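S.K.: Build the 3D model from these lines:
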Amino acid sequence: MIKLRCGIIGAGIMGNLHLKACKQFPYSEPIAVCDTDGKKAEETAEKFGVKAYKDYTEMLLNADVDVIHITTPDFAHREPTIKSLESGKHVIVEKPMATTVDDAKVIYETAKSSRCKLMVNFSNRWNPTHHNTKKAIENGELGEIKHAYARLSNTTYVPKQMLSWSGKSSPTMFLLPHMVDLIRWFFSSEAEKVYAVKTEGVLKSMGIDTHDTMTAIVNFSNGAVACFETSWILPESTPYMVDHYVKINGSKGITYVDNRKQGLEKYGERAEYPSSMATETLDGCGKGFAYDSIYHFLDCVLNDKEPISNEYDGLMNTALICAMLDSADKKMPVKVEV
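M.R.: Below is the predicted model of the structure:
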């Protein structure tokens, strides 16, 4: 079988993860990496044995690649994604697909008109605990889904030290796309209306021009309701840099996922005694799932299959995130529109 030749645009944390994944996948090889920081591009290229570029348009023109991995900061996805698709490359782009609905629409339309595949890397669909939640929903264990609560937060280390561009993003834009995608996936439904409230001041006092927290209540077309929370101001003394918690409540059962427990708690319609028998811990979450989404996309390209999360998922995800931000600014409920 042929090996897919991969080029990575963005040599940061996620760029390195994609390079490692391409090295490990048996039917792909990374051959190029690009970053506007030429020194970072050179250092990363030497580390992985690939060619370095500072201009992605030059890489698209001169590097013989089949697949482009967009791992730039979230606000810098539009142009490299569009130009990669227009140059005939298959594209996997990190979440969110875009940071405005207009940009997401252009990417969506470009992907549809091209003959190339596009996948938004909502990697938590491969988290074993969430995968098992999806199976429990599909096989009817939870009954009709009524409510969800999804929280994803970071300590201040992330906006202060990990991301040099945090002031151009927010916890809502950086973190909640993961949670929004999971709930859309679990609900098999689209958001209709959102009411969101944000707090600010802590990060701005540190010179980081973004809000601190966001809480949003969202009505979905299937009648279910979801509550989303995110924060970038957890204290660095917190034992975990990432606070990740999801609860799905149905008419017959409920599931809990808490990254601090590394497992899925699932309770069915009837209680069993002793009570511990009603709890099932399934497939502890390891680090490997972060690579599985990339492997999935490469397999889809090789075997001409539809990726599990495509440009439509990216568009609808961005639409809800932007509606949250709009609602918080207007201090009133808004419709989710594309």
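S.K.: Please look at residue 241 and residue 155 and confirm they touch.
M.R.: Yes - with contact defined as CB atoms under 8 Å, residue 241 reaches residue 155; the gap is 5.2 Å. For every residue, glycine as well, the C-beta is placed using N, CA and C.
S.K.: out of these two, which sits in the more crowded spot?
M.R.: Ranked by neighbour count (other CB atoms under 10 Å), residue 241 and residue 155 place residue 155 first, with 22 against 14.
S.K.: what's near enough to touch the more buried one?
M.R.: By CB atoms under 8 Å, 6 or more residues apart in numbering, the contact list for residue 155 reads 234-236, 238, 241.
S.K.: and it, bridged to which residues?
M.R.: residue 234 (DSSP bridges).
S.K.: Residue 90 too?
M.R.: Under the criterion used (DSSP bridges), residue 90 bridges to residue 67.
S.K.: Give me the sheet partners of the helix or strand bottoming out on mean pLDDT in the chain and which way each runs.
M.R.: Least confident helix or strand, the chain: strand 263-267 with a mean of 84, by mean pLDDT, DSSP states H and E. According to DSSP bridges, strand 263-267 has the following sheet partners: strand 254-258 (antiparallel).
S.K.: any idea of the mean pLDDT in the strand it pairs with?
M.R.: The average of the pLDDT scores along strand 254-258 is 96.
S.K.: Over to stretch 86-96?
M.R.: 98.
S.K.: Figure out how far it is from the centre of its chain.
M.R.: 14 Å (CA atoms, centre = their mean, to the nearest Å).
S.K.: still on that earlier bit, the contacts of residue 155 into CSV, with extra columns for pLDDT?
M.R.: CSV is the format used below for the contacts of residue 155 (pLDDT from 0 to 100):
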residue, pLDDT
234, 97
235, 97
236, 95
238, 92
241, 94
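S.K.: ok, residue 236 to residue 75 distance?
M.R.: 25 Å (CB to CB, to the nearest Å).
S.K.: got it, and residue 66?
M.R.: 27 Å.
S.K.: List phi and psi for residue 19.
M.R.: phi -60, psi -40 (degrees, to the nearest 10).
S.K.: Pull the contacting residues for it.
M.R.: Taking CB under 8 Å, 6+ apart, one finds 8, 30, 33, 44, 48, 50 in contact with residue 19.
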